[in-house]
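J.: My questions are about this predicted structure, shown below with the sequence.
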Amino acid sequence: MAHEPSSVDVVRRLDEVLATVRDLVGRREYDSDQRHSEHRFADLERDLEQERQARITAVADEKSLREAGDKGLADRMEKSSAGWRQTFFSGVLPSLLTLFTLAVTVTLALRSGK
C-alpha cells in the first residue's frame with residue numbers, strides 16, 4: 001500500500017490537471033474560435049449559394065443561346081431549300097424546256113426537209 005497515493009495527493013494532482021486544461025483552452029479563446037468557425041461557415045454557405053445561382057444563370061443562358069442557334073439553323077435551312085426550289089423552277093426547268101423545244105424543232109425541220 002506504500003505505492004498508492006493518498007486522497008490529498010489525488011486531489012492535488014486533479015487540481016494540477018484542471019489548471020493545465022484551463023490554460024490550454026480558455027472560455028474566451030473557445031468562444032473566439034467558435035465565432036471564427038461560424039463566420040467561415042457563413043462565408044462558405046454564401047459562396048456556395050452564389051456559385052449555385054451563377055450555374056443556374058449559365059445553364060439558362062446556354063439554353064437560350066442553343067435555342068436561338070437552332071432557330072437560326074432552321075431559318076438558314078429553310079432559306080437554302082427555298083433557294084434550290086427557286087433556282088430549279090426559275091432557271092433549270094425553263095432551260096430544259098427551251099432545249100427540248102429546240103430539239104423538237106430541229107427534228108421536225110429535218111424530217112420535213114426530206
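T.: Cool, got the structure.
J.: Any stretches of the protein with poor pLDDT?
T.: When residues are selected by pLDDT under 70, those of the chain lie in 1-2, 23, 25-26, 80-82, 113-114.
J.: Let me see the ranges of the helices in it.
T.: Assigned by DSSP state H, the chain shows helices spanning 7-24, 27-87, 93-112.
J.: Please find the angle between the direction vectors of the last one and helix 27-87.
T.: Right, the one you point to is helix 93-112. 20 degrees (axes from the mean of the first three to the mean of the last three CA atoms, to 10 degrees).
J.: Helix 93-112: which residues count as buried?
T.: Of the residues in helix 93-112, none count as buried by neighbour count, 16 or more other CB atoms under 10 Å. (Each C-beta comes from the backbone N, C-alpha and C, glycine too.)
J.: Send over it as CSV, restricted to the C-alpha atoms.
T.: Extracted C-alpha coordinates of helix 93-112, given in CSV (Å, rounded to 0.1, in the frame of the first residue of the first chain):
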residue,chain,number,x,y,z
LEU,A,93,-36.7,23.9,-115.7
PRO,A,94,-37.1,26.7,-118.3
SER,A,95,-33.7,25.9,-119.7
LEU,A,96,-34.6,22.3,-120.1
LEU,A,97,-37.9,23.1,-121.7
THR,A,98,-36.1,25.5,-124.1
LEU,A,99,-33.6,22.8,-125.1
PHE,A,100,-36.4,20.3,-125.5
THR,A,101,-38.4,22.7,-127.7
LEU,A,102,-35.2,23.4,-129.8
ALA,A,103,-34.5,19.7,-130.3
VAL,A,104,-38.1,19.1,-131.4
THR,A,105,-38.0,22.0,-133.8
VAL,A,106,-34.7,20.8,-135.3
THR,A,107,-36.0,17.2,-135.6
LEU,A,108,-39.2,18.4,-137.3
ALA,A,109,-37.3,20.7,-139.6
LEU,A,110,-35.0,17.9,-140.7
ARG,A,111,-37.9,15.5,-141.3
SER,A,112,-39.9,18.0,-143.3
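J.: Since that was my last question, I'll sign off now.
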